[in-house]
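>>> test case, fold it:
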Amino acid sequence: VQLQACGGGLVQAGGSLRLSCEASGRTFSNYAMGWFRQAPGKEREFVGVITWSGGRLYYADSVKGRFTISRDNAKNTVYLQMNSLKPEDTAVYYCNADRRGSMWYQNYWGKGTLVTVSS
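Coordinates of the predicted model:
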């Protein structure tokens with residue numbers, strides 16, 4: 001799976017951005033899609049994930065209530081809607097595709113997109 005995230009940019013605190021991640025190469029709908037982020041000088045951290053059907057979503061506590069993940073399997077795209085942005089949300093955001101079986105797993109990362117939130 002090749003993943004390409006886009007939609008990052010500079011936004012003021014309290015503003016909104018929507019990131020997109022388009023997948024190609026394999027059957028997108030087979031994969032759970034996650035978003036992660038890495039702030040300068042920090043380790044990459046989990047933001048949220050949506051299951052292959054879109055039926056379940058999980059979020060990090062730091063973004064719960066402000067960020068929403070959705071997917072459009074017909075467009076092979078997953079979205080991250082970010083509202084009420086805070087300076088601490090500044091990071092490079094990465095999308096991830098994950099599929100697991102009892103004895104195997106497939107996991108792919110895309111190139112990140114930078115989100116900068118000014119105070």
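>>> switch to C-alpha atoms for all contacts and neighbour counts from now on
Fine.
>>> the closest residue to residue 95 other than its chain neighbours pairs with what?
Among residues not flanking residue 95 along the chain, residue 35 sits closest, at 4.5 Å (C-alpha to C-alpha, 6 or more residues apart in numbering). Taking DSSP bridges as the rule, residue 35 bridges to residue 48, residue 95.
>>> just checking, residue 35 touches residue 48?
Yes. Counting by C-alpha atoms under 8 Å, residue 35 does reach residue 48; the two are 5.4 Å apart.
>>> so between the two, which is more surrounded?
residue 35 (25 against 22; other C-alpha atoms under 10 Å).
>>> wait, what's in contact with that one?
46, 47, 48, 49, 80, 93, 94, 95, 96 (C-alpha atoms under 8 Å, 6 or more residues apart in numbering).
>>> quick one: residues contacting the nearest residue to the fourth one once chain neighbours are set aside.
The one in question is residue 49. Leaving out its chain neighbours, the residue that sits closest to residue 49 by C-alpha to C-alpha, 6+ apart is residue 34, at 4.0 Å. Shown in contact with residue 34 (C-alpha under 8 Å, 6+ apart): 46, 47, 48, 49, 50, 95, 96, 97, 98.
>>> for this structure, what spans make up the strands?
Using DSSP state E, the strands of the chain run over 2-6, 9-12, 17-24, 32-38, 45-50, 57-59, 67-72, 77-82, 91-100, 105-109, 113-118.
>>> quick one on the thing from earlier: which of the contacts of residue 34 ranks first by neighbour count?
Neighbour tally across those (other C-alpha under 10 Å): the maximum, 30 neighbours, falls on residue 95.
>>> rewinding a little: now mean pLDDT too, for the strands of the chain, in TSV please.
TSV is the format used below for the strands of the chain (pLDDT from 0 to 100):
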stretch	mean pLDDT
strand 2-6	92
strand 9-12	97
strand 17-24	95
strand 32-38	97
strand 45-50	97
strand 57-59	97
strand 67-72	96
strand 77-82	97
strand 91-100	95
strand 105-109	93
strand 113-118	98
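>>> roughly how far apart are residue 79 and residue 13?
Separation of residue 79 from residue 13 (C-alpha to C-alpha, to the nearest Å): 20 Å.
>>> these two: which is more packed in?
Remark: of residue 79 and residue 13, residue 79 carries more neighbours, 23 against 17, as counted by other C-alpha under 10 Å.
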